[in-house]
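Visitor: Next input, structure requested:
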Amino acid sequence: MHFMHPVNRRILIAVLALGTVGGYSLGFASLRCHNHARRAAFEQHIAQVCVDAARQAN
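Guide: Residues are numbered from 1 along each chain as shown. Below is the predicted model of the structure:
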């Protein structure tokens, strides 16, 4: 059986760990960005509903 050299194994583990942490970081950042956009769209919708209701009241 062929085993990896200990230094190569540690480098591989470090690269995979950094990739995992980086991937989760990007995923959470993406979720936060989309949440902000969704909230902004909802606020715009509510503002439009309020404007329409005010116009109909007059």
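
Visitor: which residues of the chain fall in helices?
Guide: Assigned by DSSP state H, the chain shows helices spanning 6-57.

Visitor: Poorly predicted segments of it, please.
Guide: Filtered on pLDDT under 70, the chain yields the residue ranges 1-3.

Visitor: Dead centre of it: give me the residue that sits there.
Guide: Against the mean C-alpha coordinate of the chain, by CA atoms, centre = their mean, the closest residue is S30 at 2.0 Å.

Visitor: What separation do you get for R38 and L31?
Guide: Noted for R38: a distance of 10 Å to L31, by CB to CB, to the nearest Å. Where C-beta positions appear, they are placed from N, C-alpha and C, glycine not excepted.

Visitor: Look up how far V21 lies from F28.
Guide: 11 Å.

Visitor: likewise V7?
Guide: In terms of CB to CB, V7 sits 21 Å off from V21.

Visitor: Also A40?
Guide: The value you get for A40 to V21, if CB to CB is used, is 29 Å.

Visitor: ok, now A14?
Guide: In terms of CB to CB, A14 sits 11 Å off from V21.

Visitor: and if you look at L12?
Guide: Relative to V21, and taking CB to CB, L12 is found at 15 Å.

Visitor: cool, A29 as well?
Guide: 12 Å.

Visitor: next one: Q48
Guide: 41 Å.

Visitor: A41 too?
Guide: In terms of CB to CB, A41 sits 31 Å off from V21.

Visitor: Over to I11?
Guide: Taking CB to CB, one finds I11 at 16 Å from V21.

Visitor: for Q56, same thing?
Guide: From Q56 to V21 the distance is 53 Å (CB to CB).

Visitor: more neighbours, these two?
Guide: V21 (10 against 7; other CB atoms under 10 Å).

Visitor: if I pick the more buried one, what's in contact with it?
Guide: Shown in contact with V21 (CB atoms under 8 Å, 6 or more residues apart in numbering): no residues.

Visitor: start the count at 2, not 1, going forward
Guide: All set: I'll call the first residue 2, so the last point we hit is now V22.
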